[in-house]
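>>> I would like the atomic coordinates for the input below:
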Amino acid sequence: MPLCVAVLAVLLCGCSQGSSAPGRAGKASPAKFPTIPATTSTTTTTNPSGVATTVPVPPPTVPGWTQAVTTLPPGGGFSSVSCLSDTFCIATGGGAGEQGGNQTDGSGVTVSWDGASWSAPSVYLPAPASGPVTAPLMPAIDCTSGPLCMIVDGSGHVSTGDGTNWSSATPLSAGPPLAANPADPGAGHPGSRSAAVSCPTPTLCAAVDNTGHAYIYRNRSWLATQSLGRPAAAGSPVSSLFQAGRVGVSCPTADTCVAVVGTSVLDWNGSSWSLEPAPWAPALDTTSSATAVACATPTLCAIVSGTGLSYRNGGSAWSPVETIDPHGGLDAISCPTTSMCVAADSGGSVTTWDGKTWSAPQQVLPQASEYPGTGTSISCPSADFCMVLNADGDFATYTGD
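Model (predicted):
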């Protein structure tokens with residue numbers, strides 16, 4: 001056993017993954033959720049096609065996971081899902097996805113899961129009929145008690161709702177300008193703009209994007225945007241933050257957040273953001289630009305990227321990177337407790353921490369075919385339930401004991 005696994009096992013020993021649950025297949029029953037009356041505009045979504053995606057060769061049933069199904073209606077390449085329970089999940093997508101970042105592809109939409117079926121798509125940000133691209137880019141969502149759900153996307157739009165009603169999408173403030181970064185291709189290129197959001201309470205949310213900006217929502221308003229990039233010294237390379245592809249943020253409490261943008265780690269202490277050294281960065285597999293972080297407690301966090309995982313427990317030092325998914329493409333992780341984490345890769349495989357070890361990757365979703373570059377999303381509100389979703393709309397759920 002690698003040293004980091006042994007240390008983590010001692011620190012986190014706990015219950016193992018739950019038993020098998022019966023699989024589901026085929027189409028779900030008609031939607032039970034009402035349409036979200038966000039706008040009177042007509043949906044102009046063309047991302048993906050007008051019919052739901054199919055699962056021609058579903059992966060075999062994996063213990064604890066349902067059979068993968070495709071019941072999400074068309075409405076956009078789904079880029080994020082958030083669940084409060086096994087009967088309340090919201091997925092969001094649409095707009096300009098990873099493959100269509102330079103086009104006005106459609107409206108930003110949400111769909112709701114009630115434990116048995118998905119609602120029809122509802123528009124929270126309509127696509128423009130003409131003019132500049134203003135469609136959402138890779139929207140991310142997080143929901144907390146209340147319920148309060150927050151959508152933030154790479155184009156800088158934000159919308160708040162309770163799962164059935166949404167505020168009109170409004171732009172976040174741009175914040176102080178950062179030094180130009182040659183690595184940033186600018187808006188309008190696939191993967192060039194993405195964001196992540198985490199809401200530990202109904203009165204606090206944190207968001208980051210991949211251009212070096214961080215945002216705090218407190219008591220129903222957004223505080224001044226903080227720019228975290230560092231201007232270059234004369235003659236030195238530009239060091240402002242930019243990472244093509246996904247970014248991540250996790251807030252286990254209302255005054256503790258950890259975010260990752262490429263190999264940069266950002267911390268929020270309840271009043272301000274800081275850019276911390278990342279001693280694990282040289283060893284981190286960054287061949288994949290996808291990155292995600294999950295914090296089970298204020299002192300226990302894990303980051304996934306590429307094939308590996310790095311964690312810290314009780315201090316500022318990150319562990320050496322451990323390979324947990326030789327397939328690579330790890331781009332999502334959820335840790336509902338200190339003895340359970342589930343990480344997902346872009347190919348539809350998951351690997352689970354049971355308090356002692358990481359399982360071998362298990363295929364629970366087919367490889368996305370219409371939107372393979374958007375990645376996979378996962379949400380585990382408890383150790384007894386998880387949902388994993390790809391951009392095509394294929395999804396599977398996990399049920400514990």
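>>> I figured Gly306 was touching Gly328, is that so?
Yes. Counting by Cβ atoms under 8 Å, Gly306 does reach Gly328; the two are 5.5 Å apart. Any C-beta I mention is one placed from the backbone N, CA and C, and that applies to glycine too.
>>> Any regions of the protein where pLDDT drops low?
Low-confidence segments of the chain (pLDDT under 70): 1-61, 71-76, 95-105, 130-135, 187-191, 230-240, 277-290, 401.
>>> Quick check: buried residues in the one helix or strand Ile303 maps to?
Using DSSP states H and E, Ile303 maps to strand 300-305. By neighbour count, with 16 or more other Cβ atoms under 10 Å as the criterion, the buried positions of strand 300-305 are Leu300, Cys301, Ala302, Ile303, Val304, Ser305.
>>> Dump these to CSV, plus distance to Leu148.
CSV is the format used below for those (distance: Cβ to Cβ, whole Å):
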residue, distance to Leu148
Leu300, 25
Cys301, 23
Ala302, 25
Ile303, 26
Val304, 26
Ser305, 29
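>>> Among those residues, find me the one that's closest to Cys205.
Nearest to Cys205 among those, counting by Cβ to Cβ, is Cys301 at 17.9 Å.
>>> How about that closest one: what's its closest non-neighbour residue?
Sequence neighbours aside, Cys295 is the residue nearest to Cys301 in space, at 4.0 Å (criterion: Cβ to Cβ, 6 or more residues apart in numbering).
>>> quick one: Ile90 and Asp142 touch, right?
No. Ile90 sits out of contact with Asp142 when judged by Cβ under 8 Å, with a separation of 9.3 Å.
>>> got any residues that touch both of the two?
With contacts defined as Cβ atoms under 8 Å, 6 or more residues apart in numbering, the residues adjacent to both Ile90 and Asp142 are Ser82, Cys149.
>>> can you pull out the strands in the stretch 151-300 of the chain?
In the stretch 151-300 of the chain, the strands defined using DSSP state E, counting those that start in this stretch lie at 157-161, 170-171, 195-201, 204-209, 213-218, 221-222, 226-227, 248-253, 256-261, 264-268, 273-276, 291-297, 300-305.
>>> Neighbouring strands - and their directions - for the fourth one?
Looking back up the chat, that one is strand 204-209. With DSSP bridges as the criterion, the sheet partners recorded for strand 204-209 are strand 195-201 (antiparallel), strand 213-218 (antiparallel).
>>> Tell me the buried residues in the longest one?
By neighbour count, and taking 16+ other Cβ under 10 Å as the criterion, the buried residues in strand 195-201 are Ala195, Ala196, Val197, Ser198, Cys199, Pro200.
>>> who touches that strand?
Residues contacting strand 195-201 (Cβ under 8 Å, 6+ apart): 138-145, 148-154, 205-210, 217, 246-254, 257, 259.
>>> Going by neighbour count, which of these are buried?
With neighbours counted by 16+ other Cβ under 10 Å, the contacts of strand 195-201 contain buried members at 138-144, 148-154, 205-210, 217, 246-252, 254, 257, 259.
>>> Heading C-terminal from the strand holding Ile303, find the next helix or strand.
Note on strand 300-305: by DSSP H and E, the next helix or strand toward the C-terminus is strand 308-313.
>>> Point out the other helices and strands that that next one packs with.
Using 3 or more Cβ pairs under 8 Å, 6 or more residues apart in numbering; DSSP states H and E as the contact criterion, the secondary-structure elements in contact with strand 308-313 are helix 3-12, strand 300-305, strand 322-323, strand 330-337.
>>> quick one, it and strand 291-297 angle?
Here strand 308-313 runs at 30 degrees with respect to strand 291-297, directions being taken by axes from the mean of the first three to the mean of the last three Cα atoms, to 10 degrees.
>>> so how far is strand 308-313 off the chain centroid?
Relative to the mean C-alpha coordinate of its chain, strand 308-313 is positioned 18 Å out (Cα atoms, centre = their mean, to the nearest Å).
>>> Each with direction, which strands does that strand pair with?
Partners of strand 308-313, by DSSP bridges, with direction: strand 300-305 (antiparallel), strand 322-323 (antiparallel).
>>> coming back round to it: how about CSV for the strands paired with strand 204-209, with distance to Gly94 added?
Conversion of the strands paired with strand 204-209 to CSV gives the following (distance: least, Cβ to Cβ, whole Å):
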stretch, distance to Gly94
strand 195-201, 15
strand 213-218, 22
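>>> what bridges to Val81?
On the basis of DSSP bridges, Val81 is bridged to Ala91.
>>> dump the residue contacts of it.
For Val81, the residues meeting the contact criterion (Cβ under 8 Å, 6+ apart) are Cys89, Ile90, Ala91, Thr92, Ile141, Ser377, Ile378, Ser379, Met387, Leu389, Phe395.
>>> Next one: the third one relative to Trp268, how far apart?
Plainly put, Ala91 is 26 Å away from Trp268 if you go by Cβ to Cβ, to the nearest Å.
>>> Settle it for me: which of those two has more neighbours?
Ala91 (29 against 22; other Cβ atoms under 10 Å).
>>> Please give me every residue in contact with that one.
With contacts defined as Cβ under 8 Å, 6+ apart, Ala91 is in contact with Leu72, Phe78, Ser80, Val81, Thr110, Val111, Trp113, Trp118, Ile141, Ser377, Leu389.
>>> switch to 10 Å and redo it
By Cβ atoms under 10 Å, 6 or more residues apart in numbering, the contact set of Ala91 is 72, 75-76, 78-83, 109-113, 118-119, 121, 139, 141, 377, 379, 387, 389, 393, 395.
>>> So which of those are in strands?
Cross-referencing the contacts of Ala91 with the strands (criterion: DSSP state E) gives 78-83, 109-113, 141, 377, 379, 387, 389, 395 as the overlap.
>>> now Pro121: how far from Thr376?
The separation that Pro121 has from Thr376, given Cβ to Cβ, amounts to 20 Å.
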